[in-house]
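**Q** Structure of the sequence below:
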Amino acid sequence: MKKNTKKALIVFYLFLGILLTSDFFIKKHGDFYWENYSNFFAVYGFISCILLIFIAKIISPLIKRDENYYDKK
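**A** Okay, here's the model as predicted:
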């Protein structure tokens, strides 16, 4: 890995850690009780992304076409 990439990843993970730990100290005012849990939206977003990946893998064989699909007459 290049030197600049390592530095960028270190800065990224440091910033991510600061954001995740600062969420424990911020008072939340959510509309629903589960929105008041610490890091709820981080976990919700992560699970949503993973779920979208699995759904895309399941649906992709149904919507894929052959490489020459539009060339056929």
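**Q** any idea how far Ala42 is from Ala8?
**A** Computed with Cβ to Cβ, to the nearest Å, the distance linking Ala8 and Ala42 is 21 Å. All C-beta atoms are positioned from the backbone trio N, CA, C, and that covers glycine.
**Q** This structure: helices as residue ranges?
**A** 3-22, 40-63 (DSSP state H).
**Q** quick one, which of those helices is nearest to Gly30?
**A** Counting by Cβ to Cβ, Gly30 lies closest to helix 40-63 out of the helices of the chain; the figure is 7.9 Å.
**Q** ok, back up a step: and the helices of the chain as CSV, adding mean neighbour count and distance to Lys28?
**A** Listed next are those as CSV, based on neighbours: other Cβ atoms under 10 Å; distance: least, Cβ to Cβ, whole Å:
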stretch, mean neighbour count, distance to Lys28
helix 3-22, 10, 12
helix 40-63, 10, 8
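**Q** Hmm, Phe40 is touching Trp34, no?
**A** Yes. Counting by Cβ atoms under 8 Å, Phe40 touches Trp34, with 6.2 Å between them.
**Q** now this protein, which segments are flagged as low pLDDT?
**A** 72-73 (pLDDT under 70).
**Q** In TSV: the helices of the chain, plus distance to Asp71.
**A** Formatted as TSV, the helices of the chain follow (distance: least, Cβ to Cβ, whole Å):
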stretch	distance to Asp71
helix 3-22	41
helix 40-63	19
